[in-house]
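J.: Any chance you can model this:
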Amino acid sequence: MNQHPSEILDNSKMSRQQIMAVILCIALNALDGFDVLAISFASPGIAAEWAINRTELGVVLAMELLGMAFGSIFLGGFADRIGRKPTIQTCLVVMTAGMCFSAFANSVVTLLVVRFITGLGIGGMLASTNAMVAEYSNKKFRHLCVILMATGYPVGAIIGGSISSVLLETYSWRSVFIFGGLVTGAFLIIVQLFLAESVVYLASKQPADALARINRSLQAMQKPVLDALPPLSPNAGKSSFVELFTPQLRATTLLLLVAYFAQIMTFYFILKWIPKIVVDMGFHPSQAGQVLVWANVGGAIGATLLGLFASKLPLRHLLIGVLLLGFVMVSVFGIGYESLGQLALISAATGFFTNSGVVGLYALMAQAFPPQVRASGTGIVIGVGRGGAALSPVVAGVLFTQGVSLQGVAFVMGAGAVVAAITVFLLGRVQKGKSALDASPILTKQTCDN
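T.: The predicted structure is shown next:
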């Protein structure tokens, strides 16, 4: 058998081994979701204990996003050089350390440092799991699998948030980080035992024992084995970051970067500020956590439905629609509500569309880059986007401090979704115009059909 492993997986049914790998990556992304939002659940307690204002709290909320930016770019690059699995394991070590040290922070400065460290691991994790899922999936279900992987993020926030709300009724905000550190550490064992390296990655980089490792994995997936390794890509020896800005990939990289940057600004305004906004309306911190959980329930439902529809309908058109509706719902959220039930309902509807917009962009990234630069491409888009997204809670905090109303802040921060929708539209036009010239699998036929 001389087919490339990607062709074998693309054109065959998903085996139990492949499904389990996807499920494990969903769980890892759920872990990401909780670890990112742990600071949001803890923020009312932190603000009360240390008597910090909204501007200072905005900086605290933003710090792991800045770490995620660096982690996505640099650890995403490692995933293309040393492998998906070892990068995931490295990220878990960093995340565990960051969560545990957060629990014992005794000043704002210390907390800023350890949240940055936590963000490094979270950023690298998402770039690695996005690539892993795309490479474990077959062609028929790739959109669905990548979107389900991204759906793990709000699911983690739902489960972790529900547990955090219970913890906060009895214990201090530090208990949230202790719980997160223990769970994150446990995944080190799970990944070592149950997640194998991507065969597509092994075929694209071809380390010394590549053929034997590929064939072991193919046998476990009940696929035909290889007689020899496939030819290396002509660009296999190039720097992955350099390749992202070659004429073939430059426009795709830049447009995805702008779209993700803009949408994530909107997304993190909702996720980072809901608990503080709800507490300022007179509700208990545990109730604020419940409202954030409902925002993530909506996000999980929205992402799942997008994945199901994307298997049948044009992904790009669906994505533009949910981005525009996301702007509408963020603006509606800004009206403000006196009833906790109303807040939960509106937050769920807002999360439905804002999270769908984010996971739809992950699906575009997964098919946008060839295997040898897939993690680097995803990493640089997420990294630069989240570096800018670190500004989101800070900008919102400054606007609040300057006396801008919740409605005004919501309108400004929600505008990022409109920018993202316009950029996705332009991406489709660019790809249609160059599809006849593109030789690498970067949103060519599949995206043009969409």
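J.: How much space separates the residue nearest to L308 when sequence neighbours are not counted from S12?
T.: Among residues not flanking L308 along the chain, L144 sits closest, at 6.9 Å (Cβ to Cβ, 6 or more residues apart in numbering). No exception for glycine: its C-beta is placed from N, CA and C like everyone else's. Computed with Cβ to Cβ, to the nearest Å, the distance linking L144 and S12 is 16 Å.
J.: Check A21 too.
T.: For A21, the distance to S12 - Cβ to Cβ - is 15 Å.
J.: between these two, which one's more packed in?
T.: Per other Cβ atoms under 10 Å, whichever of A21 and S12 has more neighbours is A21, with 25 against 16.
J.: who's in contact with that one?
T.: Applying Cβ atoms under 8 Å, 6 or more residues apart in numbering to A21 gives the contacts M132, V133, Y136, L195, A196.
J.: Nearest residue to I73 in space, please, no chain neighbours.
T.: Excluding its sequence neighbours, the residue lying closest to I73 (Cβ to Cβ, 6+ apart) is G383, at 3.4 Å.
J.: Okay, and the one you found sits in which element?
T.: helix 374-389 (DSSP states H and E).
J.: From the chain's centroid, how far away is that helix?
T.: Chain-centre distance of helix 374-389: 10 Å, with Cα atoms, centre = their mean, to the nearest Å.
J.: tell me which strands and helices the following helix or strand past it is in contact with?
T.: For helix 374-389, the succeeding helix or strand toward the C-terminus, using DSSP H and E, is helix 391-401. The contact analysis (3 or more Cβ pairs under 8 Å, 6 or more residues apart in numbering; DSSP states H and E) places helix 391-401 against helix 54-70, helix 250-280, helix 406-434.
J.: Let's see the helix or strand just after the first one as CSV, backbone CA atoms only.
T.: Which is helix 54-70. Helices and strands here follow DSSP H and E; after helix 54-70, the next one along the chain is helix 76-81. What follows is helix 76-81, C-alpha atoms only, in CSV (Å, rounded to 0.1, in the frame of the first residue of the first chain):
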residue,chain,number,x,y,z
GLY,A,76,1.8,25.6,18.0
GLY,A,77,5.1,25.8,16.1
PHE,A,78,6.6,23.1,18.3
ALA,A,79,3.6,20.8,17.4
ASP,A,80,4.7,21.0,13.8
ARG,A,81,8.3,20.3,14.7
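J.: Quick check: what element follows helix 76-81 along the chain?
T.: As the chain continues past helix 76-81, the following element, by DSSP H and E, is helix 84-103.
J.: ok and that following helix relative to helix 54-70, angle-wise?
T.: Between helix 84-103 and helix 54-70, the angle comes out at 160 degrees (axes from the mean of the first three to the mean of the last three Cα atoms, to 10 degrees).
J.: If you count neighbours, what's buried in the helix or strand just after helix 84-103?
T.: Using DSSP H and E, the helix or strand that follows helix 84-103 in sequence is helix 108-136. By neighbour count on 16 or more other Cβ atoms under 10 Å, the buried set for helix 108-136 is 108, 111-136.
J.: Turn the helices and strands packed on helix 391-401 into a markdown table, including mean neighbour count and mean pLDDT.
T.: A markdown table is the format used below for those (neighbours: other Cβ atoms under 10 Å; pLDDT from 0 to 100):
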| stretch | mean neighbour count | mean pLDDT |
| --- | --- | --- |
| helix 54-70 | 24 | 80 |
| helix 250-280 | 24 | 85 |
| helix 406-434 | 20 | 85 |
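J.: need the ones you listed in CSV with distance to P86, can you?
T.: CSV is the format used below for those (distance: least, Cβ to Cβ, whole Å):
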stretch, distance to P86
helix 54-70, 19
helix 250-280, 25
helix 406-434, 32
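J.: Mind picking the two most distant members of the contacts of A21?
T.: V133 and A196 (13.4 Å; Cβ to Cβ).
J.: State which helix of the chain is the longest.
T.: Longest helix in the chain, counting residues (DSSP state H): helix 16-50.
J.: Could you pull up the mean pLDDT of that one?
T.: Here the mean pLDDT over helix 16-50 is 87, rounded to a whole number.
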